[in-house]
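Asks: structure here, sequence nowhere to be found:
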């Protein structure tokens, strides 16, 4: 068999997952108000995403000898997780756009959007419940447990980041950043998708620590690349407003690094610019701060850390996971996707 | 054995549930930010409530011959459900107070509070997961399924009510109100608590429809009494600001009834007063609208409907559920609590 390219493979997985999700999400109801709720629940899932998380899950599931029929329901639950989490995230961050369109709370108002996020989370748990008919009770309960861990890590990470913004905390170290990022991003983006994929196919519990190490490094590399693209990416490829993170006051590794390197006056300028209420921010600060991060090499620093994390992730994969894989043709897929995480432009 | 009075019994249950919950909710974490999240998760549960929902669950469980050891974990999950739902509800409604203290988003800001609500919802699902060790897999999965139904009904009801406010919809009938109220309140306040209580003790699936009928009437009666107390209650006993619902623009049965009875000019006045942004509302409208609802008999109407719903609930209980009860001493408890729902002053 020819080795599939992972982007093609992920496109195939994403298509399957989308079809499955739209079969599961309800459309019609006698009560018109409830039909609007259903429309809201289908809104974010219908906007195109990369399908990275379900792709990782289904790849590792195949790599460990599993079948798509078994993994699809859980991959769909994971995709729904991503969607309801970002509905709430967009409200929390006051983001206007999601995947190139107005955020859900911009379209329908905050109260309805917050509730639609809750309703979508309910759908996710419904799929997790249905696993009992697909995976049998024992594996279904294991997956349930893994979702609980992922859920808890993600809300903890989200809390840390939001807390920094609320408390205008800027005296942060790179380790603070990794500690937040691992919870906020790495768990639901890499650790849980890859580990649950293996688990459903019967991967041994003894591999879990390796998956955590592998996914943590890969997830942090992914987030760093996302933050880098947000500063210096090509708007057309990236699909979000360049510099949006600066206007949101997001504590990225670049900014944390910049704060330790720049002068006292520059630091005062950066903090003063970023701690303002969003509507009082001058969009010109994007350029000023971008120049500063360039001048002090903070972007290059973040790029080097991102590459280092990806290297560590690859090493963990090769040393501890690769040897347990059943279907060899997925080895190259996995290596390719590790590289993609730090080389992607979108 | 003496028949316990249900208020004493509920106090006993509430104490057990609180103790159980505070053992389950984490306190300490190496990362100080996460400790703040834990503090926020424990905030609402530590404010005193009536414990009506876990009380109903544990009463019906005992009535059907169950033991507290088996029902306690699920009763705690239900109490946690109520707490995270109202964290989000307070954000959606822009409520300032909850149980006499500042709402969570007032204390910590909206973003952290929204996320803490999500985190608390995660804890609820953790308890539902742990049921497998308490109830065995089969009953645990049944309870999981019942929580999914309750969750879905509640978010649907919440959506209907929020949608009415967002779309400034006032041409509503009593049936519209019942349809919303049954979903928003009756399911998680009465139907699911009483039915799940029975279910855990082994009550037959053939009783489910009776429980739905019983709980629906009881839940609507409960909500009506709540709305009545909000208008004409004793602030000290009731514990909330009298007339708060009017300032929130809440579509109560009293207001819906008033709209069908008052003059065109009065209707215009009411709609104009209530559809304003909250900060532009004149608190004096509370008295004006209260007088109008009195003049047109809309409060008496709501009281009569509340009593009728309670009567229907009692009849369903006596005709279809009572005969299946194993422990006779809980029959009077259940009848007393049906009466309490419409006679309570708090």
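Replies: Okay, I see it. What you are looking at is a predicted structure, and each value in this text was computed from that prediction instead of being measured.
Asks: quick one: stretch A:315-330 to chain centroid distance?
Replies: Taking Cα atoms, centre = their mean, to the nearest Å, one finds the center of stretch A:315-330 at 23 Å from the center of the full chain.
Asks: what do you get for stretch A:20-29?
Replies: The answer for stretch A:20-29 is 24 Å, by Cα atoms, centre = their mean.
Asks: what of stretch A:329-346?
Replies: Offset of stretch A:329-346 from its chain centre (Cα atoms, centre = their mean): 16 Å.
Asks: how about it, which residues are buried there?
Replies: Neighbour-count burial for stretch A:329-346 flags A:330, A:331, A:333, A:334, A:336, A:337, A:338, A:340, A:341, A:342, A:344 (criterion: 16 or more other Cβ atoms under 10 Å in any protein chain shown). Yep, even glycine has a C-beta here, placed from its N, CA and C like the rest.
Asks: of the residues you listed, which belong to helices?
Replies: Within those, residues falling in helices by DSSP state H are A:330, A:331, A:333, A:334, A:336, A:337, A:338, A:340, A:341, A:342.
Asks: give me the spatial nearest neighbour of the first one, chain neighbours excluded.
Replies: Spatially, and ignoring its direct neighbours in sequence, residue A:330 is nearest to residue A:63 (3.7 Å; Cβ to Cβ, 6 or more residues apart in numbering or on different chains).
Asks: is it correct that that neighbour is in contact with residue A:323?
Replies: No - in terms of Cβ atoms under 8 Å, residue A:63 does not count as a neighbour of residue A:323; the distance is 11.8 Å.
Asks: those two: who's more crowded?
Replies: A direct count of neighbours by other Cβ atoms under 10 Å in any protein chain shown for residue A:63 and residue A:323 places residue A:63 higher, at 25 against 7.
Asks: what's the separation between the more buried one and chain B?
Replies: From residue A:63 across to chain B, the span is 27 Å (Cβ to the nearest Cβ, to the nearest Å).
Asks: contacts only, for that residue.
Replies: A:197, A:198, A:201, A:325, A:326, A:327, A:330, A:331, A:333, A:334 (Cβ atoms under 8 Å, 6 or more residues apart in numbering or on different chains).
Asks: for residue A:186, same thing?
Replies: Per Cβ under 8 Å, 6+ apart, neighbours of residue A:186: A:215, A:216, A:217, A:218, A:219, A:220, A:222, A:223.
Asks: change it to 6 Å
Replies: A:215, A:216, A:219, A:220 (Cβ atoms under 6 Å, 6 or more residues apart in numbering or on different chains).
Asks: in strands only, show me those.
Replies: Per DSSP state E, strands hold no members of those.
Asks: adding distance to chain B, pLDDT and neighbour count, write those residues out as TSV.
Replies: Formatted as TSV, the entries for the contacts of residue A:186 read as follows, by distance: Cβ to the nearest Cβ, whole Å; pLDDT from 0 to 100; neighbours: other Cβ atoms under 10 Å in any protein chain shown:
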residue	distance to chain B	pLDDT	neighbour count
A:215	20	98	26
A:216	16	98	23
A:219	18	97	27
A:220	16	97	28
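Asks: just the ones of those in helices?
Replies: A:215, A:216, A:219, A:220.
Asks: top helix in chain A by residue count?
Replies: helix A:137-166.
Asks: now the element after it, going C-ward?
Replies: helix A:174-181 (DSSP states H and E).
Asks: ok, and what's touching that next one?
Replies: A:157, A:160, A:161, A:220, A:223, A:253, A:256.
Asks: for that helix, buried residues please.
Replies: So, applying 16+ other Cβ under 10 Å, buried residues of helix A:174-181: A:176, A:177, A:178, A:179, A:180, A:181.
Asks: so it versus helix A:137-166, what angle?
Replies: 130 degrees (axes from the mean of the first three to the mean of the last three Cα atoms, to 10 degrees).
Asks: ok, and what's touching the helix or strand just after helix A:174-181?
Replies: Counting by DSSP H and E, the element after helix A:174-181 in chain order, helix or strand, is helix A:192-200. Residues from elsewhere that reach helix A:192-200 (Cβ under 6 Å, 6+ apart): A:53, A:56-57, A:60-61, A:64, A:66, A:70-71, A:78, A:146, A:150, A:211, A:215.
Asks: in TSV, list the buried residues of stretch A:329-346 along with pLDDT.
Replies: Formatted as TSV, those follow (pLDDT from 0 to 100):
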residue	pLDDT
A:330	93
A:331	93
A:333	92
A:334	95
A:336	92
A:337	90
A:338	94
A:340	88
A:341	85
A:342	82
A:344	77
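Asks: export those residues to CSV and tack on distance to residue A:284?
Replies: Output for these, formatted as CSV (distance: Cβ to Cβ, whole Å):
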residue, distance to residue A:284
A:330, 48
A:331, 48
A:333, 44
A:334, 43
A:336, 40
A:337, 38
A:338, 38
A:340, 34
A:341, 32
A:342, 30
A:344, 29
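Asks: which of those lies closest to residue A:33?
Replies: residue A:344 (41.0 Å; Cβ to Cβ).
Asks: coming back round to it: mind giving me the PyMOL command for buried ones among the contacts of helix A:192-200?
Replies: The buried subset of these, as determined by 16+ other Cβ under 10 Å, is captured in PyMOL by this line:
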select buried, chain A and resi 53+56+57+60+61+64+66+70+71+78+146+150+211+215
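Asks: farthest-separated two in the contacts of helix A:192-200?
Replies: A:70 and A:215, at 20.6 Å, using Cβ to Cβ across the contacts of helix A:192-200.
Asks: sweet, I'm off.
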